[in-house]
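K.L.:
Quick one: sequence plus predicted model below, questions after.
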Amino acid sequence: MTVESVKPGASGATALHEPPVAGGSVPVLGHGWRLVRDPLAFMAQLRDHGDVVRLKLGPKTVYAVTTPALTGAVALSPDYIIAGPLWESLESLLGKEGVATANGPLHRRQRRTIQPAFRLDAIPAYGPIMTEEAYALVERWRSGEVLDVTAESFRVAVRVAARCLMRGSYMDARAERICAALTTLFSGMYQRMVVPLGPLYRVPVPSNREFNRALADLHLLVDEIVADRRASGQKPNDLLTALLEAKDENGEPIGEQEIHDQVIAILTPGSETVGATIMSLLLVLTEHPELGDKIRDEVKTVVGDRPVAFEDVRKLTYTANVVVETLRLYPAVWILTRRAVTDTELGGYRIPRGADVIYSPYAIQRDRRSYERHEEFDPDRWLPERSADVPKYAMSPFSVGNRKCPSDHFSMAELTLIAAVVASHYRFEHAPGSDGRPRIGITLRPRRLMLRALPR
């Protein structure tokens with residue numbers, strides 16, 4: 001099946017019918033209680049009930065899409081925009097004027113503004129910073145203390161993003177503020193998505209007060225970053241300078257709110273998703289120590305006894321395949337939503353204008369119909385002769401179309417470099433209190449990963 005064969009309008013209008021309603025709905029909360037209780041298992045089993053199924057989230061009806069071809073159709077079709085429960089829950093964080101949440105002409109202009117920073121020929125310039133931060137990480141671990149992997153992973157992700165894209169040397173205390181705020185925010189936003197109780201989230205109970213404090217601190221931090229740059233008078237060739245000098249459609253400087261939202265959109269989701277992936281990568285290296293051995297051997301073959309450099313990344317093919325397989329089994333962005341802007345069709349089903357559509361990269365990327373031994377961690381499935389067997393859109397960790405993450409090559413280079421440096425220096429074992437089970441929020445990551453780093 002191809003995207004072309006299922007794109008809206010391909011079937012005759014008289015043949016369209018309503019998708020089936022998934023089982024397990026309860027009064028008032030609908031399917032929201034199952035999305036809170038065990039969302040990964042719930043999303044993974046929906047394909048057994050149909051290619052498109054209806055869900056009830058409180059008073060809302062949403063349409064869940066379960067096949068690779070149809071998720072590709074949704075991502076590529078102009079009949080769907082960035083909107084729906086996920087994005088509504090994120091608006092208080094990301095605003096409405098950043099590249100993550102904007103649609104139409106505003107989104108296209110913003111993509112043009114930020115895209116130069118992520119061109120393939122621009123990424124090598126970030127190499128020294130990525131390398132420096134990766135080695136700072138392993139140096140810090142020489143103390144032998146038990147590692148709080150959540151803090152360590154987010155710290156390196158934040159520092160790489162800030163230093164590469166905003167040329168700022170941010171202290172650990174500032175990174176800790178971002179990490180603490182994100183932990184609270186992404187947990188609270190997921191609850192607001194699956195149980196949309198509206199005004200009840202404004203009641204001043206402790207959980208709501210904690211959420212609001214974290215949100216205020218993150219926005220204050222972004223204002224500090226922008227104010228510091230303006231006050232410095234410096235204009236380094238980075239993304240923040242591009243934003244401060246960007247013009248709107250009329251040739252006027254873009255507004256302060258758009259600058260603010262763009263910095264949030266660049267710093268926050270990127271740090272959260274990369275940090276979550278580093279956590280999952282360290283979990284994988286702990287539970288499959290033979291992978292770390294093979295990465296170490298590849299590094300020794302490619303690099304020898306000198307430090308790993310950014311220029312080595314392209315040759316570290318096995319290491320990159322470990323990263324890709326981690327992205328498959330543990331996608332940080334495990335759930336996405338869109339909204340239909342017109343009456344349309346999907347896989348023979350009628351999708352009404354204004355309907356919210358939901359789909360899960362986690363479920364798609366673990367589907368037994370797309371992958372042999374679908375729950376087995378197998379980096380070699382990404383060898384060229386085997387990866388050709390993976391159905392189109394069954395593996396899209398950075399999305400596709402005009403919503404594809406602009407930093408995909410940047411993130412892959414960063415993750416491959418960090419994996420190579422870390423695995424060539426250490427083996428890992430769980431420390432008391434470690435809990436590698438998934439923590440469900442807007443993003444997916446291990447619940448509480450506490451590790452010992454054992455020098456090789």
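P.N.:
Good, I have the coordinates.
K.L.:
following the lowest-mean-pLDDT helix or strand in the chain, which helix or strand comes up?
P.N.:
One helix or strand of the chain scores below all others by mean pLDDT, DSSP states H and E: helix 3-6, with a mean of 37. For helix 3-6, the following helix or strand on the C-terminal side (DSSP states H and E) is helix 32-37.
K.L.:
Tell me the buried residues in that next one?
P.N.:
For helix 32-37, a neighbour-count test (16 or more other C-beta atoms under 10 Å) marks 32-36 as buried. Backbone N, C-alpha and C define where each C-beta goes, glycine included.
K.L.:
Check the spacing between Leu383 and Leu281 real quick.
P.N.:
Using C-beta to C-beta, to the nearest Å, Leu383 is found at 19 Å from Leu281.
K.L.:
ok, those two, which is more surrounded?
P.N.:
Leu281 (24 against 13; other C-beta atoms under 10 Å).
K.L.:
Double-check that one against Leu415; I have them as touching.
P.N.:
Yes: using C-beta atoms under 8 Å, Leu281 makes contact with Leu415 at a distance of 6.9 Å.
K.L.:
Please enumerate the shared neighbours of these two.
P.N.:
Taking C-beta atoms under 8 Å, 6 or more residues apart in numbering as the criterion, Leu281 and Leu415 both touch Val323.
K.L.:
rewinding a little: okay, the buried residues of helix 32-37 in CSV with pLDDT and distance to Leu267 next?
P.N.:
Listed next are those as CSV, based on pLDDT from 0 to 100; distance: C-beta to C-beta, whole Å:
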residue, pLDDT, distance to Leu267
Gly32, 82, 30
Trp33, 81, 34
Arg34, 84, 33
Leu35, 82, 28
Val36, 80, 28
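K.L.:
Check the residues you listed against Lys300 and report the nearest one.
P.N.:
Leu35 (45.4 Å; C-beta to C-beta).
K.L.:
mind checking how far the closest one is from Ser25?
P.N.:
Counting by C-beta to C-beta, the separation of Leu35 from Ser25 is 11 Å.
K.L.:
again, but for Asn103
P.N.:
According to C-beta to C-beta, Asn103 stands 30 Å off from Ser25.
K.L.:
Show the contacting residues for the nearest residue to Arg338 once chain neighbours are set aside.
P.N.:
In this structure, Arg338 finds its nearest non-sequential neighbour in Tyr80, 4.0 Å apart by C-beta to C-beta, 6 or more residues apart in numbering. Neighbouring residues of Tyr80 by C-beta under 8 Å, 6+ apart: 74, 338-341, 344, 357.
K.L.:
who does Tyr80 bridge with?
P.N.:
In this entry, Tyr80 is beta-bridged to Ala340, by DSSP bridges.
K.L.:
hmm, back to that, pipe the buried residues of helix 32-37 into TSV and attach distance to Ala332 per row.
P.N.:
Compiled in TSV, the buried residues of helix 32-37 are given as follows (distance: C-beta to C-beta, whole Å):
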residue	distance to Ala332
Gly32	22
Trp33	24
Arg34	22
Leu35	18
Val36	19
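K.L.:
Show me which of those is closest to Ala320.
P.N.:
Among these, and counting by C-beta to C-beta, the member closest to Ala320 is Leu35, at 33.0 Å.
K.L.:
isn't the closest one right next to Leu57, touching?
P.N.:
Yes: counting by C-beta under 8 Å, Leu35 does reach Leu57; the two are 7.3 Å apart.
K.L.:
Could I get the full set of strands for the stretch 201-350 of the chain?
P.N.:
With DSSP state E, counting those that start in this stretch, the ranges of strands along the stretch 201-350 of the chain come out as 336-340, 344-346, 349-351.
K.L.:
Just give the number of residues close to Gln293.
P.N.:
If you look again at residue 293, you'll see it is Asp, not Gln. The criterion is other C-beta under 10 Å. On that basis, Asp293 has 14 neighbouring residues.
K.L.:
And it, how close does it get to Ala423?
P.N.:
Distance from Asp293 to Ala423, counting by C-beta to C-beta: 8 Å.
K.L.:
Leaving out chain neighbours, which residue sits closest to His288?
P.N.:
Of all residues not flanking His288 in the chain, Phe377 sits nearest, at 5.9 Å (C-beta to C-beta, 6+ apart).
K.L.:
Roughly how far does Lys303 sit from Gly433?
P.N.:
No, residue 303 isn't Lys; it's Val. 35 Å.
K.L.:
burial count for Asp228?
P.N.:
The burial count for Asp228: 14, using other C-beta under 10 Å.
K.L.:
brain fart, Asp217
P.N.:
15.
K.L.:
residue contacts, it?
P.N.:
Per C-beta under 8 Å, 6+ apart, neighbours of Asp217: 177, 181.
K.L.:
Show me the shaky parts of the chain.
P.N.:
1-14, 84-102, 168-176, 186-187, 190-198 (pLDDT under 70).
K.L.:
Show me how the record splits it into domains.
P.N.:
18-96+334-396, 113-331+403-455 (the TED database).
K.L.:
Same list (these) but as a markdown table, adding distance to His107.
P.N.:
Output for the domains of the chain, formatted as a markdown table (distance: least, C-beta to C-beta, whole Å):
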| stretch | distance to His107 |
| --- | --- |
| domain 18-96+334-396 | 8 |
| domain 113-331+403-455 | 8 |
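K.L.:
re the thing from before, ok, so of the buried residues of helix 32-37, who is nearest Ile442?
P.N.:
Of the buried residues of helix 32-37, the one sitting nearest to Ile442 (C-beta to C-beta) turns out to be Leu35, at 12.4 Å.
K.L.:
any idea how far Arg338 is from that closest one?
P.N.:
17 Å.
K.L.:
Met452 reaches Ser143, doesn't it?
P.N.:
Actually, residue 452 is Arg. It isn't Met. No: contact criterion C-beta under 8 Å: Arg452 and Ser143 do not qualify, at 11.2 Å.
K.L.:
higher neighbour count, the two?
P.N.:
Using other C-beta under 10 Å as the criterion, Arg452 and Ser143 rank with Arg452 on top: 18 against 9.
K.L.:
how about the more buried one, phi and psi?
P.N.:
With angles defined as degrees, to the nearest 10, Arg452 sits at phi -100, psi 130.
K.L.:
what sits opposite it in the beta ladder?
P.N.:
With DSSP bridges as the rule, Arg452 is bridged to Glu429.
K.L.:
how far away is it from Pro199?
P.N.:
On the measure of C-beta to C-beta, Arg452 and Pro199 end up 47 Å apart.
K.L.:
same thing with His31?
P.N.:
Counting by C-beta to C-beta, the gap from His31 to Pro199 is 22 Å.
K.L.:
Looking only at neighbour counts, state which of these two leads.
P.N.:
When His31 and Pro199 are compared for neighbours, His31 comes out ahead with 25 against 6, by other C-beta under 10 Å.
K.L.:
Please name the spatially closest residue to the more buried one (chain neighbours excluded).
P.N.:
Leu55 is the one closest to His31 (C-beta to C-beta, 6+ apart), at 4.5 Å.
K.L.:
neighbours of that neighbour, just the number please.
P.N.:
Residues lying near Leu55 (other C-beta under 10 Å) number 25.
K.L.:
could you say what helices and strands the strand or helix carrying it packs with?
P.N.:
In the assignment (DSSP H and E), Leu55 maps to strand 52-57. Under the contact criterion of 3 or more C-beta pairs under 8 Å, 6 or more residues apart in numbering; DSSP states H and E, strand 52-57 touches helix 32-37, strand 60-65.
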